[in-house]
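In: Whatever this is, show me its structure:
(one chain, ligands or ions: 2)
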Amino acid sequence: MGEFELIARFFERPVRRSPLGVGDDCALLQPALGMQLAVSTDLLVEGRHFLSTVDPQRLGHKALAVNLSDLAACGAQPLAFTLSLALPHVEEAWLAGFAQGLFALADAHGCELVGGDTTRGPLAINVTVFGEVPAGQALLRSGARPGDDVWVSGSLGDARLALEAFRGTVSLPQEVFEAARQRLERPEPRVALGLALRGIASAAIDVSDGLAGDLGHVLRRSGVGATLALASAPQLLAAARSGLQLAPQMVEQLVFAGGDDYELAFTAPASARDAVQSAAQRTATPVTQVGRIEAAPGLRLLDAAGQPIARSFGGFDHFGAS
Ligand code: ADP
Ligand code: MG
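Out: Ligands and ions are numbered 1, 2, ... in the order given. The predicted model follows:
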């Protein structure tokens, strides 16, 4: 099967909302009047971002999910995406599974594939998403203010727990492993919550590299600091809630520096607590308040007794030491 047959067979589908999709030199997008285009891109490389053995359907889902998560963090409504693929060889069953996982999530969010590029090479997947947001209303990293609450959606740390199980550093009961693996391989982007938080959250980011590191980006961009309560860790790790016994330091490490969570971390004034809770309820997304924004720069951590502790959780850095 040649390049063009491959595209036609697996990735060319009629577009509904975009004026022009796959097949020409450019795709055409038509954001509604008064809307700004929100654009984000993520590159997934085999061995670096996913295991070679991962189910292709889950990989198709995740390649788009991690991008939709960025739109969610900006409060943008997904419109369209492009897909660039480097493939070592054409394996039809693999491509069919990949496309199935990809399009199932795309359809669930009304986000259509409008173009891409396909080449032979070591397996790598690049998705670029386009979303729309009313002009001036995008949620940014730079809006956190002293006194704001720090919130996170859903649960944190379970994806990293699954990765550790794959690496053999922890052993998990089968059900716990399957649930954690689902979080690692099939994250659900918090698009509905992101949209509901427009006009409520003062700043937002999606947690892809660990809460401490990603919140650090918000703090630096906003010129503020924060204190986080470590005591909230066991309630944030789904595996701990379901009864798994782990050393407290490990739970803290997973929750604050795990990575691959694709939850939203956001800030909002204390006066908006009811509005946050109602946005969470309307979108059926659990949220937990985990800390407070302060004027003094840096991230401070409090233990269960409310005492400051000296520990640091670095975020993941592809060119860093670890
Ligand atoms: P060009 O020569 O302009 O790069 P290509 O021959 O690479 O165009 O691609 C032909 C068409 O197929 C273009 O519209 C392109 O956007 C689309 N396309 C290529 N690869 C993919 C893919 N993996 N998924 C979706 N569309 C693709
Ligand atoms: Mg091309």
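In: Who are the packing partners of the least confident helix or strand in the chain by mean pLDDT?
Out: Least confident element among the helices and strands of the chain, by mean pLDDT, DSSP states H and E: strand 308-309 (a mean of 86). When contacts are defined as 3 or more C-beta pairs under 8 Å, 6 or more residues apart in numbering; DSSP states H and E, strand 308-309 packs onto strand 298-302. C-beta: built from backbone N, CA, C; applies to glycine.
In: Pull the distance from the strand it packs on to the chain's centre.
Out: Chain-centre distance of strand 298-302: 23 Å, with C-alpha atoms, centre = their mean, to the nearest Å.
In: Check which residues of that strand are buried.
Out: Taking 16 or more other C-beta atoms under 10 Å as the basis for neighbour counts, the residues of strand 298-302 that come out buried are L299, L301, L302.
In: now swap in stretch 266-280 and tell me
Out: The neighbour-count criterion (16+ other C-beta under 10 Å) identifies F266, T267, A268, P269, A272, A275, V276, A279, A280 as the buried residues of stretch 266-280.
In: Also stretch 177-187?
Out: Residues F177, A179, A180, R181, R183, L184, E185, R186, P187 are the ones in stretch 177-187 that count as buried (16+ other C-beta under 10 Å).
In: ok so, going back, what's in contact with the least confident helix or strand of the chain?
Out: For strand 308-309, the surrounding residues in contact (C-beta atoms under 8 Å, 6 or more residues apart in numbering) are L230, R300, L301, L302, D303.
In: Next: stretch 36-51.
Out: Under the criterion C-beta under 8 Å, 6+ apart, residues 29, 31, 52, 59, 62-63, 66-67, 70-71, 74, 76, 122-136, 138, 166, 185, 318 lie in contact with stretch 36-51.
In: Any quick PyMOL command for the buried ones out of those residues?
Out: Here is the PyMOL command that selects the buried residues among the contacts of stretch 36-51 (16+ other C-beta under 10 Å):
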select buried, resi 29+31+59+62+63+66+67+70+71+74+76+123+124+125+126+127+128+129+130+131+132+133+138+185
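In: Of the contacts of stretch 36-51, which belong to strands?
Out: Among the contacts of stretch 36-51, the ones falling in strands (DSSP state E) are A124, I125, N126, V127, T128, V129, F130, G131, E132, V133, P134.
In: Stretch 248-266 spans what distance, first to last residue?
Out: Across stretch 248-266, the straight-line distance between its terminal residues is 25 Å, by C-alpha to C-alpha, to the nearest Å.
In: average model confidence for that stretch?
Out: For stretch 248-266, mean pLDDT is 94.
In: residues of that stretch that come out buried?
Out: Buried residues in stretch 248-266, defined by neighbour count with 16+ other C-beta under 10 Å: 250-266.
In: Equivalent analysis for stretch 14-32, please.
Out: Residues of stretch 14-32 classed as buried: V15, S18, G21, V22, A27, L29, P31 (neighbour count, 16+ other C-beta under 10 Å).
In: mind checking how far the nearest residue to the fourth one once chain neighbours are set aside is from E112?
Out: In this structure, V22 finds its nearest non-sequential neighbour in E12, 4.6 Å apart by C-beta to C-beta, 6 or more residues apart in numbering. In this view, E12 and E112 are 11 Å apart by C-beta to C-beta, to the nearest Å.
In: These two: who's more crowded?
Out: The residue with more neighbours, out of E12 and E112, is E112; 23 against 15, by other C-beta atoms under 10 Å.
In: my read: the more buried one touches L20, true?
Out: No. Look at E112 against L20 with C-beta atoms under 8 Å: they stay out of range, at 11.1 Å.
In: Kindly report the residues of the chain close to ligand 1.
Out: If contact is defined as C-beta under 6 Å from any ligand atom, the residues of the chain in contact with ligand 1 are 7, 11, 22-25, 83, 85, 113, 115-118.
In: Dump those to TSV, plus secondary structure, distance to L246 and pLDDT.
Out: Formatted as TSV, the entries for the residues of the chain next to ligand 1 read as follows, by DSSP: H, G, I helix; E, B strand; the rest coil; distance: C-beta to C-beta, whole Å; pLDDT from 0 to 100:
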residue	secondary structure	distance to L246	pLDDT
I7	helix	46	95
F11	helix	42	97
V22	strand	46	96
G23	coil	51	93
D24	strand	53	95
D25	coil	53	96
L83	strand	38	98
L85	strand	38	97
L113	strand	40	98
G115	strand	45	98
G116	strand	41	97
D117	strand	43	97
T118	strand	43	97
